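A.B. asks: Need coordinates for the below:
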Amino acid sequence: MSDDTDDAQPLRRLNSLEDRNAVVESALDRAIKRGDFDDLPGLGKPLTGLHGSSDPDWWIKQKMESEGINGVAPAAFQLRKENAVLEDTVDAFTEESDVRDYLAGFNARVREAVMDLRDGPPVFTPPRDVEKEIAAWRRRRDVKKNDSVTEAEPGGQPAGPESVGSPRRWWNRFRR
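C.D. replies: Numbers count the residues shown, from 1 in each chain. Now for the predicted structure:
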C-alpha cells in the first residue's frame, strides 16, 4: 500500500494507550520516510550543557539565551526597573488619558505583586500617586514646550509673553 491510502483512512477513536502509541509511532515512521527529520540543525551533535551543570533549569536558560528572550524576571525586579524609568516612559505620552491609564496599570501591577504570596523577593516599589505624577508630567511637558518655543524665536531672543503658555486663539490671529 502507498502512503496516500494510509492518510485516507477514516479517523478512529483511540480508546487505549496502546492505540495512541501505535498512531504516534506510525506518524513518526511516515515522517522519517518522507525525510522530515533530515538536515535538522544540530544533527549528530551532543546537547550542550547536559552534563556540565547541576542546575535543573539549564535547558530553559539556554533556550532563552539562544532566542534572545529577556524581561522574564520576578515581579519585584521588573517593577523596580519600570519604576526607575517611569518618568521617561510617561513623558513619551502626549495625552493625559494615556498617562492616567499607564499609571493605573503600573499601580495595579504593584498591588498584584505585593499581594502575590508565591516565592520571590519582596516588592519595595511603592505605587505612584496619579495626581502628583500628572502634575509633574504637565510641568515637564510645559518646560519642554517653553524650551522649544525659546529655541524657535529668531535671533535667539527669549520668547515674548504672548508666545509662552497657551496658544493664541483663532480669532486673535486676525486682530494683528
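A.B. asks: lowest-confidence helix or strand of the chain?
C.D. replies: For the chain, the helix or strand with the lowest mean confidence is helix 3-7, at a mean of 53 (criterion: mean pLDDT, DSSP states H and E).
A.B. asks: CA atoms only for the next helix or strand after it, dumped as PDB, please.
C.D. replies: Counting by DSSP states H and E, the next helix or strand C-terminal to helix 3-7 is helix 17-34. The C-alpha trace of helix 17-34 is given here as PDB (Å, rounded to 0.1, in the frame of the first residue of the first chain):
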ATOM      1  CA  LEU A  17      -2.800   3.900  25.400                       C
ATOM      2  CA  GLU A  18      -1.500   1.200  23.100                       C
ATOM      3  CA  ASP A  19      -3.700   2.600  20.300                       C
ATOM      4  CA  ARG A  20      -2.400   6.100  20.800                       C
ATOM      5  CA  ASN A  21       1.200   4.900  20.900                       C
ATOM      6  CA  ALA A  22       0.600   3.000  17.600                       C
ATOM      7  CA  VAL A  23      -0.800   6.100  15.900                       C
ATOM      8  CA  VAL A  24       2.200   8.200  17.100                       C
ATOM      9  CA  GLU A  25       4.700   5.600  16.000                       C
ATOM     10  CA  SER A  26       3.200   5.300  12.600                       C
ATOM     11  CA  ALA A  27       3.100   9.100  12.200                       C
ATOM     12  CA  LEU A  28       6.800   9.200  13.100                       C
ATOM     13  CA  ASP A  29       7.700   6.400  10.700                       C
ATOM     14  CA  ARG A  30       5.900   8.200   7.800                       C
ATOM     15  CA  ALA A  31       7.700  11.400   8.700                       C
ATOM     16  CA  ILE A  32      11.100   9.600   8.700                       C
ATOM     17  CA  LYS A  33      10.300   8.000   5.300                       C
ATOM     18  CA  ARG A  34       9.400  11.400   3.900                       C
END
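A.B. asks: centre of the chain versus the next helix or strand after helix 17-34, how much separation?
C.D. replies: Where DSSP H and E defines the elements, the next helix or strand beyond helix 17-34 is helix 58-67. In this view, helix 58-67 has its centroid 18 Å away from the chain centroid, taken as C-alpha atoms, centre = their mean, to the nearest Å.
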